[in-house]
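Asks: Here is my input; please provide its structure:
(one chain, ligands or ions: 2)
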Amino acid sequence: MIATGKRPDIDSRNEVQHLCNKKMKNESSNGTLTPHPLDQLEEIARGQGLDITDRKFAEYMDSIDPIGHLREDFCYPKMKDLPKTDLSLVNPDEDCVYFCGNSLGLCPKKFKEYMLMEVDKWMKTGVEGHTSGDLPWAWFDELFCEDMGKIVGAKKEEIAIMNGLTVNLHLQLISFYRPTPTRYKILIESKAFPSDHYAIESQIELHGYDPKTAMIQIKPREGEQLIRGEDILAKIEEEGDSIAVVCLSGTQYYTGQVFDIPTITKAGHSKGCYVGWDLAHSAGNVELHLNEWEVDFACWCTYKYLNSGAGCLAGFFLHEKHKDNTFPKLRGWWGHKLDTRFKMDNEWAPCVGALQYRISNGPGFLGPSIKASLEVFKKTSMKELRAKSLLLTAYLEVLIQRKYGGRGKVTNGRENGTQNGGEDWKQVHVDIITPSDPAQRGAQLSLSFSVPIQHVFEELTKRGVVCDERKPNVIRMAPAPLYCSFVDAYRGLEYLDQSIQAAAKIN
Ligand SMILES: Cc1ncc(COP(=O)(O)O)c(C=O)c1O
Ligand SMILES: Nc1ccccc1C(=O)C[C@H](N)C(=O)O
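Replies: Residues are numbered from 1 along each chain as shown. Ligands and ions are numbered 1, 2, ... in the order given. Predicted structure coming up:
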């Protein structure tokens, strides 16, 4: 089933009620119906005799959260340690509100210990460190493939951990984008993350084609913010015979929209296209079954929901059906089988599967954070994480809607941020452009405001709400379920309220 990307066309004043009445259902990947998370929240609140907007409800949700204790595995920043917090406005010793795990995940506590072990090993043993210790530098990356595979629904042999995301995307396109005069196009989303856009544009140019004709950018319909799934399928149907590769993001970075990977992959295959995914905002955020969905290739970074630190090594998935492929690829000695790698006979004998795409020996000092992060993931499962995430994001959504969804001028998003001063600030409206259908979103909510966002964002920052602003017009908030709590969402909303009031005074 592919659902449309359009938010329900309803009066936002009644939106929450409407969603409750509609008893919208959430279809999980195995086809079973589970209650809409908002219904679950309402039911829990009723059962406890609490109002959903009461702080006590957030506290109760935290008390029954089966993975709430995992927050203790992370260094959750304090208000006083953030560089831009105004300590006259907050309690310096309190935790901040960290809603930025979609950009940079928090540091796992074990990281420092594991990193110091590697430093110590180098100091004491020099080159011996390649083959000794917990993370031998010569094959530390291979130690993570199985656990990383579980997070994205892949077999160990289908995974490599290397380079950065964009480098991996280039390596994959070198293999999968082999244009011919009749099949030379790449389908991507319009307003894709700039790095993906540039990578694809440059690959097209490298083959002597013109991105103006070879790069198809699928857009939202006029007046809409989200790309409809049905439009992606229609485009594949219409142009599929000339498309070499369909290459979309699993979760759109700006809107937070999650695309239907299995359906789109199938549609691409039925037209003879290869289908690959940028999972930067999906890995560790939503459930993925890359092997089962027959995705040809995928890549993702590990510094967002996978908490491995800025610019850390990226994930690389190659479906097992391509494990012995002879596609063009860039070779390096680390793609050569380990047993003969050091024979130095210059006879290319590649590793099987994803590992053959490795070029250089890996940076051993990037292993400790990945190890520390994966250990936390091993204490739970993507299913359990996603179950919490659905509730937590719906909770943040309902708080925003109750406070800011029903007042003032309802904008369509495109006009937002153009008004200034006076009356508009008395009736601020916040529009959530992320799909309201939980199956079509992960942890992130992208908020557009009926007033300019710059001062609201600055005021949030002063109050220790760590989120980000993305041009042209959204503030993204992502309560990552591994370490964010319901009380964080509650406090985030209190601070949003204060920030809007403070920004109104400036304007
Ligand atoms: C969708 C997407 N693609 C690509 C990137 C950039 O990847 P990198 O700089 O790690 O290559 C990011 C985030 O930085 C992203 O969100
Ligand atoms: N790696 C970074 C370094 C600096 C600034 C931002 C990033 C991000 O990751 C941004 C993220 N990809 C985004 O969705 O906007």
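Asks: residues from this protein in reach of ligand 1?
Replies: Within the chain, the residues that sit near ligand 1 (C-beta under 6 Å from any ligand atom) are 164-166, 193, 195-196, 249, 253, 278, 280-281, 301. The C-beta positions use only the backbone N, C-alpha and C, and glycine is treated the same way.
Asks: Next up, phi/psi of the closest residue to ligand 2 within the stretch 401-507 of the chain, please.
Replies: Residue of the stretch 401-507 of the chain nearest ligand 2, by C-beta to the nearest ligand atom: Arg470 (6.2 Å). Per-residue torsions, Arg470: phi -120, psi 130 (degrees, to the nearest 10).
Asks: First-to-last residue distance for stretch 223-232?
Replies: In terms of C-alpha to C-alpha, to the nearest Å, the two terminal residues of stretch 223-232 are separated by 17 Å.
Asks: so what's the residue of the stretch 401-507 of the chain closest to ligand 2 up against?
Replies: Neighbour list for Arg470: 253-254, 446, 476 [criterion: C-beta atoms under 8 Å, 6 or more residues apart in numbering].
Asks: that older thread, return the closest of the residues of the chain next to ligand 1 with respect to Thr340.
Replies: Distance to Thr340, by C-beta to C-beta, is smallest for Gly164 among the residues of the chain next to ligand 1, at 28.4 Å.
Asks: Measure how buried the closest residue to the closest one other than its chain neighbours is and give me the count.
Replies: Sequence neighbours aside, Ala314 is the residue nearest to Gly164 in space, at 5.2 Å (criterion: C-beta to C-beta, 6 or more residues apart in numbering). Ala314: 25 surrounding residues under other C-beta atoms under 10 Å.
Asks: Ala314: what's it in contact with?
Replies: 161-165, 167-168, 299-302.
Asks: go again using 6 Å as the cut-off
Replies: Residues near Ala314 by C-beta atoms under 6 Å, 6 or more residues apart in numbering: 163-165, 168, 301.
Asks: can you count the residues close to the residue of the stretch 301-450 of the chain found nearest ligand 1?
Replies: Residue nearest to ligand 1 within the stretch 301-450 of the chain: Cys301 (4.3 Å; C-beta to the nearest ligand atom). Taking other C-beta under 10 Å as the criterion, the count of residues near Cys301 is 25.
Asks: Met123 too?
Replies: 9.
Asks: so where does it fall, helix or strand?
Replies: Met123 is located in helix 110-125, with elements delineated by DSSP states H and E.
Asks: buried stuff in that helix?
Replies: Residues of helix 110-125 classed as buried: 110-111, 114-115, 118, 121-122 (neighbour count, 16 or more other C-beta atoms under 10 Å).
Asks: Could you check how far whichever residue of the stretch 1-150 of the chain sits closest to ligand 1 is from Cys467?
Replies: Closest to ligand 1 within the stretch 1-150 of the chain is Ser103: 7.6 Å, counting by C-beta to the nearest ligand atom. Separation of Ser103 from Cys467 (C-beta to C-beta, to the nearest Å): 9 Å.
Asks: neighbour count winner among these two?
Replies: Remark: of Ser103 and Cys467, Cys467 carries more neighbours, 23 against 19, as counted by other C-beta under 10 Å.
Asks: Check which residues of stretch 269-289 are buried.
Replies: Neighbour counts over stretch 269-289 (16+ other C-beta under 10 Å) mark 269, 271, 273-289 as buried.
Asks: Filter those down to just the ones in helices.
Replies: His269 (DSSP state H).
Asks: my read is Ser389 is in a strand, agree?
Replies: No: assigned with DSSP: H, G, I helix; E, B strand; the rest coil, Ser389 falls outside any strand and is helix.
Asks: From Ile151, how far off is the residue of the stretch 201-350 of the chain found nearest ligand 1?
Replies: Nearest residue of the stretch 201-350 of the chain to ligand 1, counting by C-beta to the nearest ligand atom: Ala280, 3.7 Å away. Counting by C-beta to C-beta, the separation of Ala280 from Ile151 is 13 Å.
Asks: residue contacts, the residue of the stretch 1-150 of the chain closest to ligand 1?
Replies: Ser103 touches Asp468, counting by C-beta under 6 Å, 6+ apart.
Asks: Apply 10 Å and report the result again.
Replies: By C-beta atoms under 10 Å, 6 or more residues apart in numbering, the residues touching Ser103 are 253, 280-281, 303-304, 310, 444, 466-468, 470, 476, 478.
Asks: Same list (those residues) but as a markdown table, adding pLDDT, secondary structure and distance to Phe176.
Replies: Shown next, in a markdown table, are the contacts of Ser103 (pLDDT from 0 to 100; DSSP: H, G, I helix; E, B strand; the rest coil; distance: C-beta to C-beta, whole Å):
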| residue | pLDDT | secondary structure | distance to Phe176 |
| --- | --- | --- | --- |
| Tyr253 | 97 | coil | 22 |
| Ala280 | 98 | coil | 18 |
| His281 | 98 | coil | 21 |
| Tyr303 | 98 | coil | 25 |
| Lys304 | 98 | coil | 24 |
| Ala310 | 98 | coil | 28 |
| Gln444 | 98 | coil | 28 |
| Val466 | 98 | strand | 37 |
| Cys467 | 98 | coil | 35 |
| Asp468 | 95 | strand | 32 |
| Arg470 | 90 | strand | 29 |
| Arg476 | 98 | strand | 30 |
| Ala478 | 98 | strand | 30 |
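Asks: Take these and write them to CSV, including distance to Pro368.
Replies: As requested, those are exported to CSV (distance: C-beta to C-beta, whole Å):
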residue, distance to Pro368
Tyr253, 27
Ala280, 22
His281, 24
Tyr303, 14
Lys304, 18
Ala310, 14
Gln444, 27
Val466, 24
Cys467, 28
Asp468, 26
Arg470, 31
Arg476, 28
Ala478, 25
